[in-house]
Structures are given as C-alpha cells and as structure tokens.
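Peer 1: Here is my input, please return the structure:
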Amino acid sequence: MSDRNPPPSNRQLLILLAIVLGFIALLFFSLSSLLDWAISQIPISLEQKLGELIVPLYQEQAKNSPEQDSLNRLLDSLEYHLDNQSGQKRDYKILYITQSTVNAYAVPGDTIILFEGLIKAVQSENELMMILGHELGHFHHRDHLRSLGKSLVIKIVIASIFGDTGTLASSAGIAIETISNSRYSQSQEYQADQFGLMLLNKTYGHVAGATDFFNRLSQKETVNWDFLATHPASQRRVKKLKKIINQNQYKLGQKSPLKL
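Peer 2: You can find the predicted model right below:
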C-alpha cells in the first residue's frame, strides 16, 4: 500500500523556510517603518519622562564634580547656538563617569553620558566640542530613540515568540544595554557629524580640531576602543567632514586647550 502523504522534499522545505524568513523580514521592516513614524510623533515631554526611568541608573555612576560642572558649561555654550527646533523645551546635561571607557552617547532625557577615558583621549577643547555637537545632532534627529526603539521591539518580539517573560520584565536593563551598545546607521552618523560641525563653527567662528579626534581614531582601528565599536570607520568620517568644510567654506582657526 503506497504512502499517500510522502515526506516533503528538501526543495519544499527550503521553499517553506524562505517563505517564513521572508514573512519575518517583512514584519520587521513594517515594524521598523511604523516605529520611525511613531518616534517622530513622540513629544519631547514624553521622551523626558522616559529619561526619568533611565537616567537615574547612570546618575548612580556619576558624581557631582568640578570636571562635570566644567563640561556642562561647555555644553551650554553649544546649546546656546541651537535653533528653536533643536533646543525647544530641552535642558541638555552631561553625566561624567570616571571610567576608562573611551565613549560618549546620547540618552533619552536630554542627557549625554561622557566617560573619563574619552576626555583623556582628546587633545583640545575643540575636539571635545565636536563630539558633544555630534551627540546633540543625534538628539536633533532623534536617532537615540530610533536605535533604542528598534532594539527593544526586536527583543520584545523574540521574547514574545519564545515566551521569555524574564526579558520583558527586565526592559529597563535591556534599555541600558541597548543604549550603551547602540550602533547608528552610517547616514545617521554622518548627519550627526554635519550637525556637530555646524555647531562648532557657530560657537568658535571656525572648525579647527573638527577632524583631529577621528584622525587619531583611524590610526587606532586595531585598538579596542568602545567608540570604534559603535561608530563607522574614522577615515571615511574624516573625508566626509573635509568635504563639508570645503563646501561650506568653513574657516580653520586656533584651537583652545581643554581645561577642566
């Protein structure tokens, strides 16, 4: 007696697998597009409420210090030159964490996390201001929310499929991990660089030092710096920045020493 239901062939299994993977990819693409639109509609006040849940976890690591006060004064001088759209209802601040990590990143709640390792890596005030302007660019374009939102959606969807309720319950911990390891698209990074360059020029009247930090990074691509892990190749960034400088005819002036 012949088998009326023969086992599926390898070809049929591959076709089925391709259909399932295509459906999952379409689902994530749709969620990503919907998320981008939703984030553009989030009021700043709601983002700041989100920050009230996340920022205190960083505040435990950062203590008030003269260095942190000096860094916030530098940030204020950049914030002064923001237009109404970028600075509306914002109150940007720096939390300075005395760890050797060479990194800085934007956190919901108008906060920039800045590590001592990065301060020791820069050689002028202008270099640091370029980095801070870059992070303000992420706030302006709301890249930090997009990165956080997409990562959380992916993890929550996976947790829902596999029933990992522990992952859902520890969403605050996931948020911290996601922010500290966030990697933006190259277009997002270049837009933030352009924004930082614009602020640097408005603050000093020139853009000296804008490419110095990234030039040194390009020589350390084999070094385990956290900044390298979350940002695109430094040589490309330098080329892009030089092109923008030439296009806008920005001047090169005298760099200022970093005094904290």
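Peer 1: Glu135: what's it in contact with?
Peer 2: When contacts are counted by Cβ atoms under 8 Å, 6 or more residues apart in numbering, Glu135 touches 104-106, 112, 192, 196. Heads up, the C-betas are built off the backbone N, CA and C, glycines and all.
Peer 1: cool, and Asn248?
Peer 2: Asn201.
Peer 1: Before we move on, what's the pLDDT of it?
Peer 2: pLDDT, the model's per-residue confidence, is 94 for Asn248.
Peer 1: Can you tell me how far it is from Leu136?
Peer 2: Using Cβ to Cβ, to the nearest Å, one gets 18 Å for the distance from Asn248 to Leu136.
Peer 1: Determine which two of the contacts of Glu135 are furthest apart.
Peer 2: Tyr105 and Gly196 (13.7 Å; Cβ to Cβ).
Peer 1: Compute the number of surrounding residues for Ile119.
Peer 2: Neighbouring residues of Ile119 were enumerated by other Cβ atoms under 10 Å; the total is 18.
Peer 1: average pLDDT for the helix or strand hosting it?
Peer 2: With the criterion set as DSSP states H and E, the secondary-structure element containing Ile119 is helix 116-121. Helix 116-121 carries an average pLDDT of 94.
Peer 1: What are the buried residues along it?
Peer 2: Neighbour-count burial for helix 116-121, with 16 or more other Cβ atoms under 10 Å as criterion, is recorded at 117-119, 121.
Peer 1: okay, the residues you listed in TSV with distance to Ala38 next?
Peer 2: Rendered in TSV, the data for the buried residues of helix 116-121 read as follows (distance: Cβ to Cβ, whole Å):
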residue	distance to Ala38
Gly117	35
Leu118	32
Ile119	36
Ala121	36
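Peer 1: Could you chop the protein up by domain?
Peer 2: As recorded under automatic domain parsing, the domains making up the chain are 13-42, 43-248.
Peer 1: In the chain, mark out all the helices, start to finish.
Peer 2: Assignment of helices within the chain using DSSP state H yields the ranges 10-41, 44-59, 66-79, 84-87, 116-121, 125-141, 143-162, 165-169, 171-180, 186-204, 212-218, 226-229, 234-248.
Peer 1: Provide a list of residues in contact with Glu52.
Peer 2: Residues in contact with Glu52, defined by Cβ under 8 Å, 6+ apart, are Gly109.
Peer 1: With Gly253 instead?
Peer 2: Listed by Cβ under 8 Å, 6+ apart, the contact partners of Gly253 are 204-206, 208.
Peer 1: Return the backbone torsion pair for it.
Peer 2: Dihedral pair for Gly253: phi -120, psi -150, per degrees, to the nearest 10.
Peer 1: That one and Ile54: what is the separation?
Peer 2: 38 Å.
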